[in-house]
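> Next one to model:
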Amino acid sequence: MFYFAIVIFMITYLGIVTEKIPRTYAALAGGMVMIFAGYVTQEDAIRHYIDFNTLGLLAGMMAMIGVIRQSGVFEAMAIWAVKITRGRPKILLALLSVITAVTSSLFDAVTAVLLLAPMCISLARRLEIEPYPFLIMGILISNIGGTALMVGNPPNVMIGSATGLSFNAFFYNLAPCVVLTMVSIVPILIYMYRNELNVKRPMSPRSLQALHPGSEIKDMRLLKQSAVVMTLTILGFIFHHHLGLESAAIAMAGATVLLIITKTDVKKAMSFIHWETLFFFLGLFILVGGIEEAGVISALAQHVLTLTDGDLFLSSGLLIWLAAMASAFVDNIPFTATMIPLISHMQQIMGSQTDFLWWSLALGACFGGNGTIIGASPNLLIVAMAEKEGYSISFLKYMKVGFPLTVLSVAIAHLYVMVRYFMF
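Now for the predicted structure:
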């Protein structure tokens, strides 16, 4: 039964990779087979494995962004970015990388890509270039930038909740590595897309001067209403622990308020939500729940950790790479949930200052999510939003760029941990 669960997972994954059928169908089919094979019951899937907080957060934010974009604010932001960078795509990519990283760390990676992806597409159309470099950047940098703070990525939230490590501790230990990785990854990304980032017709000074971001605003009243609701929603995300509310409740509340005050038609509001993405997540949660119930994830983690025989140096290094590779091909949320009790047990046995193991897990899980388009939530969201605008990002097309850069970023994280916590 243990190996049959692996077979189900591999066949499902093959369907997602080859895209012979829509990946939503593949994920749902894999999840249903896990249920019918008895690895996970419907009740367990609903109670323990389907993350309704994630689904609610995504649905609420999708609805909000759908309403907000009708004001024309994303087009206005795109024009502002073009003016600031004088229409030079390479500088523009670097600027958007910084904005994405800061937004992802302060709020969360999902919110960042929902806000920035429409702007990137609008911007590329304005410059008459392909949007793929900006969209791929959005995936990579949202996951990397979100690692800097406790609220940026789900693995960090889970680790902080389980360990009691402070907000400042995450910033002090992870932010330097994020900066180092950004400085390394962004220039390489610009070089890899150097041909795509060449503008056929550079904008003249007169054309740049004629651009006015404010002229793109179609509905100022809607923009003001959206700004107030979005600000309150973001504040809710920041203080949701103090309020005793989950992020999904805040996102859904924000969407509900915005829909009511703007009097948006219900059918139109529903069209803003990417249902295929939500159902893909649904199937994926059940699929991963099945292999977790079968003991696959736990067995893999236990086996690799026993190879280190209690050596902290080896344990930390293996943990980074195991977390990264597992997060790239499974999902960083269930893997992190599996590793937390194992690391806690290791700390009890070793009886020493081993907080660096938590930072190793966070860096590996968050950076590793960039390996494939199913490694983390922002990846799937950008792919879905791009497809809705007529731009297809296949599994292999992304992986050719994302996986090598993921390996590089994880190597930087490994070196960072070794130097900071072992050499000094």
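
> which residue ranges form the helices in the stretch 101-250 of the chain?
In the stretch 101-250 of the chain, the segments counted as helices under DSSP state H, counting those that start in this stretch are 109-127, 132-145, 154-163, 167-192, 205-209, 220-238, 240-243, 247-262.

> for the protein, what spans make up the strands?
Taking DSSP state E as the test, none of the chain falls into strands.

> Nearest residue to the middle of it?
Per CA atoms, centre = their mean, the C-alpha nearest to the average position across the chain is that of residue 378, at 3.2 Å.

> thinking again about what came up before, please work out which of the helices of the stretch 101-250 of the chain is packed deepest.
Greatest average neighbour count among the helices of the stretch 101-250 of the chain goes to helix 132-145 (a mean of 28), per mean count of other CB atoms under 10 Å. Backbone N, C-alpha and C define where each C-beta goes, glycine included.

> Now do it and helix 167-192, the angle between them.
Interaxial angle of helix 132-145 relative to helix 167-192 (axes from the mean of the first three to the mean of the last three CA atoms, to 10 degrees): 160 degrees.

> export helix 132-145 as CSV, just CAs?
Provided in CSV are the C-alpha atoms of helix 132-145 (Å, rounded to 0.1, in the frame of the first residue of the first chain):
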residue,chain,number,x,y,z
TYR,A,132,7.0,36.3,-19.5
PRO,A,133,10.1,37.7,-18.0
PHE,A,134,8.0,39.8,-15.6
LEU,A,135,5.7,36.9,-14.8
ILE,A,136,8.6,34.5,-14.1
MET,A,137,10.2,37.2,-12.0
GLY,A,138,7.0,37.5,-10.0
ILE,A,139,7.0,33.8,-9.2
LEU,A,140,10.6,33.7,-8.2
ILE,A,141,10.9,36.9,-6.2
SER,A,142,7.5,36.6,-4.4
ASN,A,143,8.7,33.3,-2.9
ILE,A,144,12.2,34.6,-2.1
GLY,A,145,11.1,37.9,-0.8
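
> for it, packing partners?
Secondary-structure packing of helix 132-145 (3 or more CB pairs under 8 Å, 6 or more residues apart in numbering; DSSP states H and E): helix 89-106, helix 109-127, helix 167-192, helix 356-368, helix 377-388, helix 395-418.

> ok so, going back, I'd like the helices of the stretch 101-250 of the chain laid out as CSV, including mean pLDDT and distance to residue 415.
Putting the helices of the stretch 101-250 of the chain into CSV (pLDDT from 0 to 100; distance: least, CB to CB, whole Å) gives the following:
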stretch, mean pLDDT, distance to residue 415
helix 109-127, 79, 24
helix 132-145, 92, 15
helix 154-163, 75, 20
helix 167-192, 91, 9
helix 205-209, 68, 42
helix 220-238, 85, 32
helix 240-243, 73, 33
helix 247-262, 88, 33
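
> shouldn't residue 77 be in contact with residue 213?
Yes: assessed by CB atoms under 8 Å, residue 77 is found in contact with residue 213 at 7.2 Å.

> So which of the two has more stuff around it?
residue 77 (20 against 17; other CB atoms under 10 Å).

> pLDDT value on the more buried one, please?
pLDDT, residue 77: 75.

> what sits against residue 365?
Residue 365 makes contacts with 153, 155, 323-324, 327, 332, 335-336, as judged by CB atoms under 8 Å, 6 or more residues apart in numbering.

> Relative to residue 277, which of these is nearest.
Among the contacts of residue 365, residue 332 lies closest to residue 277 (CB to CB), at 17.2 Å.

> What's the mean pLDDT across stretch 417-424?
84.

> Pull the residues that contact it.
The contact list for stretch 417-424, computed with CB under 8 Å, 6+ apart, reads 176-177, 312-313, 316-317, 320, 356, 359-360, 363.

> gap between that stretch and the chain center?
The chain centroid and the centroid of stretch 417-424 are separated by 28 Å under CA atoms, centre = their mean, to the nearest Å.

> Can I get that stretch in PDB, CA atoms only?
Extracted in PDB, the C-alpha atoms of stretch 417-424 (Å, rounded to 0.1, in the frame of the first residue of the first chain):
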ATOM      1  CA  VAL A 417      23.700  29.000   7.000                       C
ATOM      2  CA  MET A 418      27.200  27.400   7.000                       C
ATOM      3  CA  VAL A 419      29.000  30.700   7.200                       C
ATOM      4  CA  ARG A 420      26.800  32.400   9.700                       C
ATOM      5  CA  TYR A 421      26.100  29.600  12.100                       C
ATOM      6  CA  PHE A 422      29.100  27.400  11.900                       C
ATOM      7  CA  MET A 423      32.100  29.500  10.800                       C
ATOM      8  CA  PHE A 424      31.300  32.300  13.200                       C
END
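
> So for it, what gets flagged as buried?
Of the residues in stretch 417-424, 417-418, 421 count as buried by neighbour count, 16 or more other CB atoms under 10 Å.

> again, but for stretch 15-25
Residues 15-17, 23-25 are the ones in stretch 15-25 that count as buried (16+ other CB under 10 Å).

> Quick one: residues contacting the nearest residue to residue 94 once chain neighbours are set aside.
Once flanking residues are discounted, residue 94 sits nearest to residue 186: 5.8 Å by CB to CB, 6 or more residues apart in numbering. Neighbouring residues of residue 186 by CB under 8 Å, 6+ apart: 93-94, 97, 137, 141.

> go on, residue 170?
Counting by CB under 8 Å, 6+ apart, residue 170 has contacts 148-150, 156, 160, 362.

> just residue 216 next, same as before
Taking CB under 8 Å, 6+ apart as the test, what residue 216 contacts is 72, 75-76, 79.

> How far away from the center of its chain is stretch 66-79?
For stretch 66-79, the distance to the chain centre is 22 Å (CA atoms, centre = their mean).

> what's it in contact with?
118-120, 122-123, 126, 211-214, 216-220, 222-223, 226, 230, 255, 258-259, 262, 264, 269, 271-273.

> Repeat that for stretch 148-164.
Identification of contacts with stretch 148-164 by CB under 8 Å, 6+ apart yields 54, 101, 104-109, 143, 145-147, 165-167, 170-171, 174-175, 178, 237-238, 327, 332-333, 336-337, 340, 344, 358, 361-362, 365-366, 369, 376-377.
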